[in-house]
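Asker: I would like the atomic coordinates for the input below:
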Amino acid sequence: MAIEQPKKTSEQPNLHEILKGIEGRKGFLDYHDIETEIRQVWQKFSTERPPFEWLSEIIAFQFMEEYRGNIEGYGDYFGPMMEATSADGTPIRAPDAKLVTAEMIAYWAERAKSSQHPVMAARYAGLVFDLSKIVTGKAASFEIAEIYFNNLLKISEDRLQEHEKDIVHKLERAIHVAISLKNEGWLAKARQETLACQNRINRDDAPGYWAIAHRLLIENKKSQITGEEEKQIINGLENRLSSLELKIVDGQMADPWNYETAAEPLANYYKRKNSKTDLERIVTIWGNAFEKAIETVSGMLASSWLQHIHEIYIRYGFKDKAEWVAKKLHDVGESVIEELKPHSVEVQIPKEEIEKFVAAFTNADIERALARLAIHFIPDKKETLEMVHKLAKENPFSYLVTRQIMDSDGRVVAIVNSPDVDPEGHIIQQITMEMGLRSVFFDDVAAGIDKKFGWNKENLLNFIYKSPCFQDERKGIIEKGISAYIEGDYLVSAHLLIPQIEEAVRTILEMFGGAVLEKNRQSEGFKYKTLDKLLREEAIQHVLGDNLSFYLRVILTDPRGLNLRNDVCHGLIKDNGIHRIHINRIIHVLLCLGLLRPKEKRDGE
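Answerer: I've put the predicted structure just below:
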């Protein structure tokens, strides 16, 4: 709707003539445009607050439909179009629900009865239907509900809104009104108009609307859909799915997501009906579309689509198909790795600053130097979360994108969603990144200790063995692991030391009366708890503290972190799979466990 700019005038404009002019226009009417036109006409005339009728019209078209919030004073459908917070923390909303009075509700009711345009009549009647009980304590009259329902359908029938999504919203609202009033006649009319609308917008270039009738009528258990109507909707989706064809144009495959738009509602329908033959037929067509399209896309995109198909097969119970996809994921991994590009950042730190930093660790004896190193490099979980929130605020887009964690073969081993959904995942990711950045400082401190005291097997073992969590019968293995580390054989060192770290955690739990065994579901016996379960035990978190127990999970057991324990123990580490950054952290974990010392017994204990 084009907005006519009013001319400056000293005579108060006639609101009724303005409304009459708007209602007489043909074509689409937009609520925002109506509100803007009325408000600007008044502002051209006066800077004062508009009188009651003008204010009622402006507020009526400021409300936002399909509002999903839950704010006192607003209804379950109409809400503020704008929300903000003042400097003192007071919420600011437009329109302010406090401005809606019983007098305004009565005014809108009269306008609903007199308005000649369905878009405007539906808005007035809808506000009364949604807000009357809140403002006046009385529900809207049947007459207002009928005006609302009929004009909602009229908007769809005559296509009086520019965007089809807005028409769909009107149909959804009409169905809700009919159901809420238990009016079967209205509900039948709403179903018929929904089917008619589905036929009108069922175009090849509008896949997002192919399943509108399915969503509004079949998925809605209160729609009282008839068998014939249900059959019509399902046949329409079947015909749409069968008409699709994957074509290669200029080396690019057609979008397989169109198949999903038609197939997913059909699969859900047949699953509910327990029609296994039809379900398998639909899911196979759906999966084959992606599998065929994968042949023409990059390895990274292929990996993402294969994961999606794997989830689909699992969701609908086709484990054999899912296993086949899992094999394909393994095969496509190499091409994913080849497509990844390295990025590097150079940072220069003055030599004097490094020397000052190292001196803070080495200005006492070897015992204190190793203890300070152990404590300093334990990340603080709370501080890391604050950093994540700060970075997300500064770079919102990069933190909204789902992150995929890949192993050395290009397989996705973990997913990290947005910080609001997965804060722990982002803490782990941030700690892992910072470990890489801070590895040079760890090396500098180790070099400083080596220069003054000796970063050697004897000093490391003397410190570690003061902890009671390392048993005598294990010390030979630990000594060989430390020797391999000093000699630069990081692969051997990691394979020797990581299992001993796990055993040390078990020893701590047993010392504090915890159970290290759990029932084996596959047999009548028991099995040792995994390291990840041990680190989540209350006793372990009490002894090690939240920061250290979480840090051990990042290093050893969480696929969003380094996951070294699982990679080593499952044989996933390759010849070049353990780098200095990894082994330094393993040594650091040993030193952290070495901080634990037996409490001296007092007399009588």
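Asker: gap between residue 37 and residue 359?
Answerer: 73 Å (Cβ to Cβ, to the nearest Å). The C-beta positions use only the backbone N, C-alpha and C, and glycine is treated the same way.
Asker: looking at the two, which has the bigger crowd around it?
Answerer: Neighbour count, other Cβ atoms under 10 Å: between residue 37 and residue 359, residue 37 has more, with 19 against 11.
Asker: which element is that one on?
Answerer: Assigned by DSSP states H and E, residue 37 falls within helix 31-45.
Asker: which strands or helices does that helix pack on?
Answerer: If you count contacts as 3 or more Cβ pairs under 8 Å, 6 or more residues apart in numbering; DSSP states H and E, helix 31-45 packs onto helix 15-23, helix 52-60, helix 118-136.
Asker: if you compare the ones you listed, which one is most tucked away?
Answerer: Neighbour counts (mean count of other Cβ atoms under 10 Å) averaged over each of the helices and strands packed on helix 31-45 peak at helix 118-136, with a mean of 23.
Asker: can you check what angle separates that helix from helix 15-23?
Answerer: Orientation note: helix 118-136 sits at an angle of 130 degrees relative to helix 15-23 (axes from the mean of the first three to the mean of the last three Cα atoms, to 10 degrees).
Asker: please, where are all the strands along the stretch 401-550 of the chain?
Answerer: All strands of the stretch 401-550 of the chain, identified by DSSP state E, counting those that start in this stretch, fall at 403-406, 412-416, 517-519, 526-528.
Asker: mind putting those strands in JSON lines, distance to residue 355 included?
Answerer: Formatted as JSON lines, the strands of the stretch 401-550 of the chain follow (distance: least, Cβ to Cβ, whole Å):
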{"stretch": "strand 403-406", "distance to residue 355": "37"}
{"stretch": "strand 412-416", "distance to residue 355": "38"}
{"stretch": "strand 517-519", "distance to residue 355": "50"}
{"stretch": "strand 526-528", "distance to residue 355": "46"}
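Asker: closest one to residue 90 among those strands?
Answerer: Among those, the nearest to residue 90 by Cβ to Cβ is strand 412-416 (35.5 Å).
Asker: name every strand pairing with the closest one and say which way it goes.
Answerer: For strand 412-416, the pairing partners within the sheet under DSSP bridges are strand 403-406 (antiparallel).
Asker: just how off-centre is the strand it pairs with within its chain?
Answerer: 14 Å (Cα atoms, centre = their mean, to the nearest Å).
Asker: what mean pLDDT does that strand have?
Answerer: Mean pLDDT, computed over strand 403-406, is 72.
Asker: buried sites along the helix or strand containing residue 292?
Answerer: Secondary structure assignment for residue 292, by DSSP H and E: helix 276-293. For helix 276-293, burial by neighbour count (16 or more other Cβ atoms under 10 Å) applies to 278-283, 285-287, 289-291, 293.
Asker: mind exporting it as PDB, just the C-alpha atoms?
Answerer: Provided in PDB are the C-alpha atoms of helix 276-293 (Å, rounded to 0.1, in the frame of the first residue of the first chain):
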ATOM      1  CA  LYS A 276       6.000 -49.700   7.500                       C
ATOM      2  CA  THR A 277       6.000 -50.300   3.700                       C
ATOM      3  CA  ASP A 278       5.000 -46.700   2.900                       C
ATOM      4  CA  LEU A 279       7.400 -45.400   5.500                       C
ATOM      5  CA  GLU A 280      10.300 -47.300   4.000                       C
ATOM      6  CA  ARG A 281       9.300 -46.200   0.500                       C
ATOM      7  CA  ILE A 282       9.200 -42.500   1.400                       C
ATOM      8  CA  VAL A 283      12.400 -42.500   3.500                       C
ATOM      9  CA  THR A 284      14.300 -44.400   0.700                       C
ATOM     10  CA  ILE A 285      13.300 -41.800  -1.800                       C
ATOM     11  CA  TRP A 286      14.300 -39.000   0.600                       C
ATOM     12  CA  GLY A 287      17.700 -40.600   1.400                       C
ATOM     13  CA  ASN A 288      18.400 -41.400  -2.200                       C
ATOM     14  CA  ALA A 289      17.900 -37.800  -3.300                       C
ATOM     15  CA  PHE A 290      20.700 -36.700  -0.900                       C
ATOM     16  CA  GLU A 291      23.000 -39.600  -1.700                       C
ATOM     17  CA  LYS A 292      22.700 -38.800  -5.400                       C
ATOM     18  CA  ALA A 293      23.200 -35.000  -4.900                       C
END
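Asker: helices and strands around the next helix or strand after it, which ones?
Answerer: Using DSSP H and E, the next helix or strand after helix 276-293 towards the C-terminus is helix 299-315. For helix 299-315, the packing partners by 3+ Cβ pairs under 8 Å, 6+ apart come out as helix 276-293, helix 319-339.
Asker: let me have the helices and strands packed on helix 31-45 in CSV, adding distance to residue 75 and mean pLDDT as columns.
Answerer: Listed next are the helices and strands packed on helix 31-45 as CSV, based on distance: least, Cβ to Cβ, whole Å; pLDDT from 0 to 100:
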stretch, distance to residue 75, mean pLDDT
helix 15-23, 24, 93
helix 52-60, 13, 95
helix 118-136, 3, 96
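Asker: would you mind saying which of those helices lies nearest residue 309?
Answerer: Among these, helix 118-136 sits nearest to residue 309 (Cβ to Cβ), with 42.6 Å.
Asker: excluding sequence neighbours, find me the nearest residue to residue 284.
Answerer: Once flanking residues are discounted, residue 284 sits nearest to residue 321: 7.8 Å by Cβ to Cβ, 6 or more residues apart in numbering.
Asker: can you name the residues that contact that neighbour?
Answerer: 283-284, 287, 313 (Cβ atoms under 8 Å, 6 or more residues apart in numbering).
Asker: determine which two of these are furthest apart.
Answerer: Longest span within these, Cβ to Cβ: 284 and 313, 9.7 Å.
Asker: in the chain, what helix or strand scores lowest on average pLDDT?
Answerer: Least confident helix or strand of the chain, by mean pLDDT, DSSP states H and E, is strand 252-253 with a mean of 59.
Asker: chain center to the following helix or strand past that one: distance?
Answerer: Downstream of strand 252-253, the first helix or strand assigned by DSSP H and E is helix 257-272. Distance of helix 257-272 from its chain centroid, counting by Cα atoms, centre = their mean, is 23 Å.
Asker: ok, and what's touching helix 257-272?
Answerer: 207-208, 210-211, 214-215, 218-219, 234, 237-238, 240-241, 244, 276, 278-279, 282-283, 285-286, 289-290, 316.
Asker: so where's the stretch 301-450 of the chain uncertain?
Answerer: 333-347, 406-411 (pLDDT under 70).
Asker: coming back round to it: distance to residue 397 for the buried residues of helix 276-293 - can I get that in TSV?
Answerer: Formatted as TSV, the buried residues of helix 276-293 follow (distance: Cβ to Cβ, whole Å):
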residue	distance to residue 397
278	41
279	38
280	40
281	40
282	36
283	34
285	35
286	31
287	32
289	30
290	27
291	31
293	27
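Asker: of all those, which comes closest to residue 489?
Answerer: After measuring the buried residues of helix 276-293 against residue 489 - Cβ to Cβ - the closest member comes out as residue 291, at 44.1 Å.
Asker: the closest one and residue 309 touch, don't they?
Answerer: Yes: the criterion here is Cβ atoms under 8 Å, and residue 291 meets it with residue 309 at 6.8 Å.
Asker: what's the neighbour count on residue 576?
Answerer: Residue 576: 9 surrounding residues under other Cβ under 10 Å.
Asker: now do the same for it: its pLDDT.
Answerer: So, for residue 576, pLDDT stands at 83.
Asker: from residue 491, how far off is it?
Answerer: For residue 576, the distance to residue 491 - Cβ to Cβ - is 8 Å.
Asker: over to residue 530?
Answerer: Per Cβ to Cβ, residue 530 is found 23 Å from residue 491.
Asker: same question for residue 147.
Answerer: For residue 147, the distance to residue 491 equals 78 Å [Cβ to Cβ].
Asker: so which of these two has more stuff around it?
Answerer: The residue with more neighbours, out of residue 147 and residue 491, is residue 147; 24 against 18, by other Cβ under 10 Å.
Asker: for the more buried one, which non-adjacent residue is spatially closest?
Answerer: Closest residue to residue 147 apart from its sequence neighbours, by Cβ to Cβ, 6+ apart: residue 125 at 4.4 Å.
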